[in-house]
Each structure stands twice: as C-alpha cells, then as structure tokens.
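> Sequence below, structure please.
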Amino acid sequence: MKRIVALTFISLFSISALTACNTMAGAGKDIQKGGEKLEDKAQDCKDGKC
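Sure thing, here's the model as predicted:
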C-alpha cells in the first residue's frame, strides 16, 4: 500500500513539474516580448519621436 501511495505522489509531482516548465517557457516568451516593446519605445524617445 505504501508503495502505491509513493508511486502516486511521484507521478503527480512529475506531471506538475512538466506542466510548470511549459508554463514558465510561455511566461518567459511573454516577458521577452514586453521587454522588446519597452526597448523600442525607449529608442523612439531617444531619437526624439516620443
């Protein structure tokens, strides 16, 4: 019985860890795009187009 419970917890932890990796990758892409927009706006202001 203890073995089944342990395997269940390991399986659930593995699944949640893999899901978190995909979520973090998506969040990283969103943050990167936001940073690029911020850089573009800063460059526009530096060039006097602000």
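
> What is the burial count for Ile31?
The local packing of Ile31 (other CB atoms under 10 Å) involves 10 other residues. Any C-beta I mention is one placed from the backbone N, CA and C, and that applies to glycine too.

> Could you do Arg3 as well?
Neighbour tally, Arg3, other CB under 10 Å: 7.

> Then Asn22?
Neighbours of Asn22 (other CB under 10 Å): 9.

> List the contacts of it.
Applying CB atoms under 8 Å, 6 or more residues apart in numbering to Asn22 gives no contacts.

> what about it, helix or strand, and which?
In this structure, Asn22 sits in helix 2-46 according to DSSP states H and E.

> pLDDT score for Gly35?
In this model, Gly35 is scored at 92, pLDDT.

> Could you do Ala25 as well?
pLDDT, Ala25: 79.

> ditto for Cys45
For Cys45, pLDDT reads 88.

> ok now the helix holding Asn22, how far from the chain's centre?
2 Å (CA atoms, centre = their mean, to the nearest Å).
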